[in-house]
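Asks: How does the following fold in three dimensions:
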Amino acid sequence: MLRKLTPYLFVAPLMIFIAVFTYIPILTSLNLSVRQWNFLTPDMPFVGLRNYEELLASAEFWNSLRVTVVFAVLSVPLRLGAALLIASRLLRETVSSRLLRGAFFLPSVTSIVSIAVVFSWVFATDYGMVNWILHLVGLGRPQWLQDPYLALWVLIVVNTWRQLGYDIVIYIAGLQAIPQELYDAAAVDGGKRFDVFRRVTIPLVMPTTYFLLVISVIEAFQVFTIVNVMTKGGPAGATDMLVNLLYEIGFGLFDIGRGSALAVILFVLLVGLALLKSRIIGSKVHYEA
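Replies: Take a look at the predicted model:
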């Protein structure tokens with residue numbers, strides 16, 4: 001009997017950890033999303049779907065959803081495309097390639113708050129480095145974080161810069177798994193570099209691309225720290241993404257019911273997107289060269 005239970009005892013600590021920090025919070029959020037609670041009173045009356053109805057009827061929710069989708073649509077292809085191009089140039093095992101890999105990867109293990117604070121200074125209107133350079137060449141001083149049209153692009157650049165190193169490392173691993181014989185055969189056939197990249201590299205690195213696409217979309221929908229530190233959702237809601245709105249509702253207004261309802265909606269959106277990507281892209285992914 002003990003021998004049969006041994007494998008389960010080995011995985012029990014991990015399963016308990018996952019249950020405590022994943023499944024129980026999800027169930028708690030589901031419960032709170034149908035109740036009214038403000039942290040200050042022990043009463044949590046059941047209100048049914050009222051929190052969801054109020055969210056779906058609010059302009060703030062639809063604005064945050066729109067901003068989040070635009071952020072994901074613009075940032076994900078940018079970071080994946082840039083990562084693949086850079087990774088293809090850093091494949092060689094040289095000293096310079098290794099140094100550049102480390103330099104690109106460093107931001108991904110740096111504190112997000114620190115990165116957001118530094119870039120707030122970099123893009124500051126009066127004393128920022130970007131505007132100082134632009135002023136030197138006579139291009140004026142744009143209000144990067146105060147302009148509704150520029151602020152979102154600043155966040156896209158900062159988020160891409162931070163995540164790029166991780167994507168590069170994963171792509172390098174995927175590229176190294178492609179058999180060299182395929183490139184040799186393409187060279188014998190007279191294939192040009194761009195054609196080889198398009199017809200050999202991109203199809204064979206699709207499993208890596210699919211993996212990065214899934215996690216990058218999830219990360220894009222969950223971006224919070226750089227928004228909260230750099231713009232706080234402004235100006236005029238131009239960067240108010242879903243998780244930032246969730247924070248404002250839950251911990252600014254102390255409306256835990258609506259905040260939990262928004263968390264559930266976000267969870268459903270991410271699961272739906274994952275299933276949609278699996279259906280559309282999953283069939284085009286080949287795991288054998």
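
Asks: From now on I want contacts and neighbour counts done on CA atoms only, so please keep to that.
Replies: Noted.

Asks: And residue 68, how close does it get to residue 271?
Replies: 16 Å (Cα to Cα, to the nearest Å).

Asks: more neighbours, those two?
Replies: For the pair residue 68 and residue 271, the greater number of neighbours falls to residue 68 (22 against 13), based on other Cα atoms under 10 Å.

Asks: pLDDT score for the closest residue to that one other than its chain neighbours?
Replies: Residue nearest to residue 68 in three dimensions, not counting chain neighbours: residue 241, with 5.1 Å by Cα to Cα, 6 or more residues apart in numbering. The model reports residue 241 with a pLDDT of 95.

Asks: does residue 241 really touch residue 234, like I thought?
Replies: No - at 9.9 Å, residue 241 does not count as touching residue 234 under the criterion of Cα atoms under 8 Å.

Asks: So the two - more neighbours on which side?
Replies: Here residue 241 and residue 234 are compared on neighbour count by other Cα under 10 Å; more neighbours surround residue 241, at 31 against 19.

Asks: Please name the residues that touch the more buried one.
Replies: The contact partners of residue 241, by Cα atoms under 8 Å, 6 or more residues apart in numbering, come to 64, 65, 67, 68, 221, 223, 224, 227, 233.

Asks: check contacts around the fourth one.
Replies: So the one you mean is residue 68. Residues near residue 68 by Cα under 8 Å, 6+ apart: 220, 221, 240, 241, 242.

Asks: got it, and the third one?
Replies: Counting by Cα under 8 Å, 6+ apart, residue 67 makes contact with 238, 239, 240, 241.

Asks: which SS state does the first one fall under?
Replies: For residue 238, the secondary-structure state derived from DSSP: H, G, I helix; E, B strand; the rest coil is coil.

Asks: For it, grab phi and psi.
Replies: Dihedral pair for residue 238: phi -70, psi -20, per degrees, to the nearest 10.

Asks: Check the third one too.
Replies: Here is the backbone geometry of residue 240 (degrees, to the nearest 10): phi -80, psi 90.

Asks: Tell me, how many residues neighbour it?
Replies: Residues lying near residue 240 (other Cα under 10 Å) number 28.

Asks: Residue 233 is in contact with that one, correct?
Replies: Yes - counting by Cα under 8 Å, residue 240 touches residue 233, with 3.7 Å between them.

Asks: Contacts only, for residue 36.
Replies: 44, 45, 46, 47, 255, 256, 257, 258.

Asks: Now do the contacts for the closest residue to residue 229 other than its chain neighbours.
Replies: Leaving aside its chain neighbours, residue 229 sits nearest to residue 116 (6.2 Å; criterion: Cα to Cα, 6+ apart). With contact set as Cα under 8 Å, 6+ apart, residue 116 has these partners: 158, 225, 226, 229, 230.

Asks: any idea how far residue 116 lies from residue 215?
Replies: Here residue 116 is placed at a distance of 21 Å from residue 215 (Cα to Cα).

Asks: cool, and residue 87?
Replies: 18 Å.

Asks: Of these two, give the one with the bigger neighbour count.
Replies: Each of residue 87 and residue 215 has its neighbours counted (other Cα under 10 Å); residue 87 has more, 23 against 12.

Asks: thinking that one is in contact with residue 168, fair?
Replies: Yes - look at residue 87 against residue 168 with Cα under 8 Å: they come within range, at 5.2 Å.

Asks: Can you pull the residues that touch both of these two?
Replies: The contact sets of residue 87 and residue 168 do not overlap (Cα under 8 Å, 6+ apart).

Asks: what number of residues lie near residue 71?
Replies: Residue 71 has 21 nearby residues by other Cα under 10 Å.

Asks: got the buried residues for whatever helix or strand it lives in?
Replies: Taking DSSP states H and E as the definition, residue 71 sits inside helix 59-89. By neighbour count with 16 or more other Cα atoms under 10 Å, helix 59-89 contains the buried residues 60-61, 63-69, 71-72, 75-76, 79-81, 83-84, 86-88.

Asks: could you say which helix or strand contains the residue most central in space within the chain?
Replies: Centroid-nearest residue in the chain, with Cα atoms, centre = their mean: residue 219, separated by 2.1 Å. Element membership of residue 219 [criterion: DSSP H and E] is helix 206-221.
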